[in-house]
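1. Kindly return the folded structure for what I paste below:
(one chain, ligands or ions: 1)
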Amino acid sequence: MPAKKISKSAGAKDSKRTPSPKNTTKYKTSWDFSDMYSGPSDPKLEKDTLAIKADCLAFAKKYSSNDDYLSDEKKLLTTLNDYDKLIEKIGSSLPVWYLMNMQNIDGENNVITANVNRLSPILTESINEILFFTLKLAKIPKSNQTSVLKNISLKKYHYLLKKTFDNAKHDLSEEVEKVLNLKSQPSNTMWVDGFEKTMSKQVVVFKGKKLPISEAMSKISSLPTKDRHELHESCMLVLKSLSDFAESEINAVYTDKKIEDQLRGFSKPYEASILSYENDIKNIELLVKTVTDNFSIAHRFYKLKAKALGLKELTYADRAVGIGKNVKKVSFDKTVEIIRSAFGKAGGHYADILDTMLKNGRIDVYPKKGKRAGAYCWGGQNAPTIIMLNHIDSITCVMTLAHEMGHAIHTELAREQPAIYENYTMSVAEVASTFFENLAFEEMFEKLNDKEKVVALHNQIADNISTIFRQVACFNFELELHTKIREKGFLSASEISALHNKHMSAYLGPVAKLTENDGYFFEAWGHIRRYFYVYSYAYGALVSRSLYEKCKADKSFYAKVDSFMKAGKSMSPEDIFKSIGVDVTNPSFYLDGLKSIEKDIERLEKLLKKSSK
Ligand SMILES: [Zn+2]
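-> Residues are numbered from 1 along each chain as shown. This is a model prediction of the structure:
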């Protein structure tokens, strides 16, 4: 089974190749995996890979052409126990886990690359050998499914089985599945790749210099007002020049999705995505509606931002700009101190997990040549939980460590589950990471002076507004785009761009004035090709916010946060939260989270008034 690997998307911005700070830390700051392998050419890597292969083949041999367990519940139990044991044994495929992580910090090492290329196909093939199993489980006749789900001796496997049965409702015949699979390349992937390739080759001329478009777009919010507006406009004009291709691409892949949804019996465009993240459709509809109904909170923030920037109105280019620079340097030792103290207040064992990881060389801290950008956490069955950072002594880096530690703590606590339930779905992953971000922010914030507080709080709110309101605005945009293309058969690029502006203006509010060209931003928005994935960001941020508020009000609630993390993926996210007394289906649940963000905006308003005096 694949191990959990979670990247902080925003982490990329932390890892510009700035010179590494002088390493004077008292901690082990490089990964030390010598307890597993002596190095990338250790013969044990191949030996372990072949052992995994043998285990998978043995399981496949025993069960792939035998159907007895589909109609005999006693035999089903034995088979599922065998399956659980297999997953526990092959774990997160340690040899490849090791090599891929090593490759991430040493991309120029040919021995690692050669071994990845040699061993990972063996592993992929081995995992493919056992994929038949869940497909077969789905074939348990409908008439027997209720009895299987009531059988107490199968209790441990009920959630796995229920999920498999539910998903199977949308499966098609083997032949149709095969055709869809073969056609997904030309009907989706090739279109998306083609547009991406074309876009990545564009350059934007700025102050006489040619910048690749991705670099130009990421530069916009760091520039002074006049330059910012100029560069933004140049970027939008480049995107507009690609609109014929983008128009065909979006219409093609959205029509393809419409056909597939119809075949599979999904009535709403977002159903398939929500089901795949194991969420409840009604609950996510409630989330989207509550956030949309409260766009006024985002409006209030942008009005305040315009005022702080001394602008009468905001352009689309201004939405992500900061209101001052936070130049405070935070060394890695200091970062650890802040996090340890913040986590310690929540529970000693959180700080212990951090200390153990530091002691065992499970955190790779500094940027170096050949190391990839960003930050991530990766751990799972049989593989230790590790974190990769690109620490450059900034305040953002403190938040990045808190975020990744959230994933790490979640991964560690979920180890209590049997192997089949050890991981967690994407939508709850970001609950844990942002929960621990909240703890670290509060700890750090109290120690800042008033000026620093304004900048830090503004950035924190801006982050939340973009994670919650902007992502839900994107969800609404996607939904209307799918609906219109389904109704009319085709939308022109200028119609798509107008839709983009409609939904972005809706959350930015009256202070933002969008131009016609801004609408072409849709072309660069990769997420609209991942169909409603964006809701998981808003979900994670709002649920974690609520858990955090509950902990602030009553310290004993931290134990419940523990239970949530210990649940792994043994239940649906809604049931996990229900089990700790948090009803995310309550109509006021998401509203409470939004209100707490509004409180932060009030706090910022007061700080701004104080600092302008
Ligand atoms: Zn994350």
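2. which outside residues touch stretch 244-254?
-> Residues from elsewhere that reach stretch 244-254 (Cβ atoms under 8 Å, 6 or more residues apart in numbering): 187-188, 191-192, 194-195, 198, 239, 481-482, 485, 490-493, 496, 520, 522-523, 528-529. Where you see a C-beta, it was placed from the backbone N, CA and C, and this is true even at glycine.
3. I meant to write stretch 52-63 there.
-> 69, 79, 82-83, 86, 89-90, 93, 95, 122-123, 125-127, 129-130, 132-133, 136.
4. Off-centre distance for that stretch?
-> Between the centre of stretch 52-63 and the centre of its chain there are 32 Å (Cα atoms, centre = their mean, to the nearest Å).
5. Which of the contacts of stretch 244-254 are buried, as a ChimeraX select command?
-> One line in ChimeraX is enough to select the buried ones among the contacts of stretch 244-254; burial here means 16 or more other Cβ atoms under 10 Å:
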select :187,188,191,192,195,239,481,482,485,491,493,496,520,522,523,528,529
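6. Could you look up the SS state of Lys210?
-> For Lys210, the assignment made with DSSP: H, G, I helix; E, B strand; the rest coil gives strand.
7. Give me the nearest residue to it, chain neighbours excluded.
-> Val203 (4.4 Å; Cβ to Cβ, 6 or more residues apart in numbering).
8. Could you pull up the contacting residues of the one you found?
-> So Val203 contacts Lys210, Leu211, Pro212, Ile213, Ala216, Val238 (Cβ under 8 Å, 6+ apart).
9. Which strands or helices does the lengthiest helix in the chain pack on?
-> Ranked by residue count and defined by DSSP state H, the top helix of the chain is helix 589-612. Under the contact definition 3 or more Cβ pairs under 8 Å, 6 or more residues apart in numbering; DSSP states H and E, helix 589-612 sits against helix 281-293, helix 295-309, helix 450-465, helix 535-553.
10. Beyond the helix or strand where Met199 lies, next helix or strand please.
-> Element membership of Met199 [criterion: DSSP states H and E] is helix 190-200. Once helix 190-200 ends, the next helix or strand along the chain (criterion: DSSP H and E) is strand 203-206.
11. start to end distance for stretch 375-393?
-> 14 Å (Cα to Cα, to the nearest Å).
12. again, but for stretch 194-208
-> 29 Å.
13. avg pLDDT for it?
-> Average pLDDT, stretch 194-208: 92.
14. on that earlier part again, just the angle for the longest helix of the chain relative to helix 450-465, thanks.
-> 150 degrees (axes from the mean of the first three to the mean of the last three Cα atoms, to 10 degrees).
15. Please list the outside residues in contact with helix 589-612.
-> By Cβ under 8 Å, 6+ apart, helix 589-612 touches 286-287, 290-291, 294, 297, 300-301, 304, 307-308, 450-451, 453-454, 457-458, 460-461, 464-465, 468, 541-543, 545-546, 549, 582-584.
16. Which elements pack onto the helix holding Met199?
-> Packed next to helix 190-200, using 3+ Cβ pairs under 8 Å, 6+ apart, are helix 213-219, helix 243-264.
17. Mind doing that once more with 7 Å?
-> Contacts defined by 3 or more Cβ pairs under 7 Å, 6 or more residues apart in numbering; DSSP states H and E place helix 190-200 against helix 243-264.
18. Just the angle for the helix it packs on relative to helix 190-200, thanks.
-> Using the same axes, to 10 degrees, helix 243-264 lies at 150 degrees relative to helix 190-200.
19. Next, the buried residues of helix 243-264.
-> Quick answer for helix 243-264 (16+ other Cβ under 10 Å): 243, 245-247, 249-258, 260-261.
20. can you check stretch 57-73 too?
-> Going by 16+ other Cβ under 10 Å, stretch 57-73 has these buried residues: Phe59, Ala60, Tyr63, Tyr69, Leu70.
21. so how far is it from its chain's centroid?
-> The answer for stretch 57-73 is 35 Å, by Cα atoms, centre = their mean.
22. Start and end of that stretch, how far apart?
-> First-to-last distance for stretch 57-73 - Cα to Cα - comes to 24 Å.
23. any idea of the mean pLDDT for that stretch?
-> Mean predicted confidence for stretch 57-73 is 93.
24. same thing with stretch 116-134?
-> The model assigns stretch 116-134 a mean pLDDT of 87.
25. Contacts for that stretch next, please.
-> 45-46, 49, 52-53, 56-57, 59-60, 63-64, 83, 93, 95-96, 99-100, 103, 164 (Cβ atoms under 7 Å, 6 or more residues apart in numbering).
26. now the angle from the longest helix of the chain to helix 281-293?
-> Using the same axes, to 10 degrees: helix 589-612 against helix 281-293 is 30 degrees.
27. Contact distance from the ion - what residues of the stretch 401-550 of the chain qualify?
-> By the rule Cβ under 5 Å from the ion, the part of the stretch 401-550 of the chain lying against the ion is Ser433.
28. if you look at the contacts of stretch 244-254, which of them are in helices?
-> Trp191, Val192, Gly194, Phe195, Thr198, Leu239, Leu481, His482, Ile485, Ala493, Ile496.
29. State the pLDDT value of the residue nearest to the fourth one when sequence neighbours are not counted.
-> Distances taken as Cβ to Cβ, 6+ apart place Glu249 nearest to Phe195, at 4.5 Å, with adjacent residues excluded. pLDDT, Glu249: 98.
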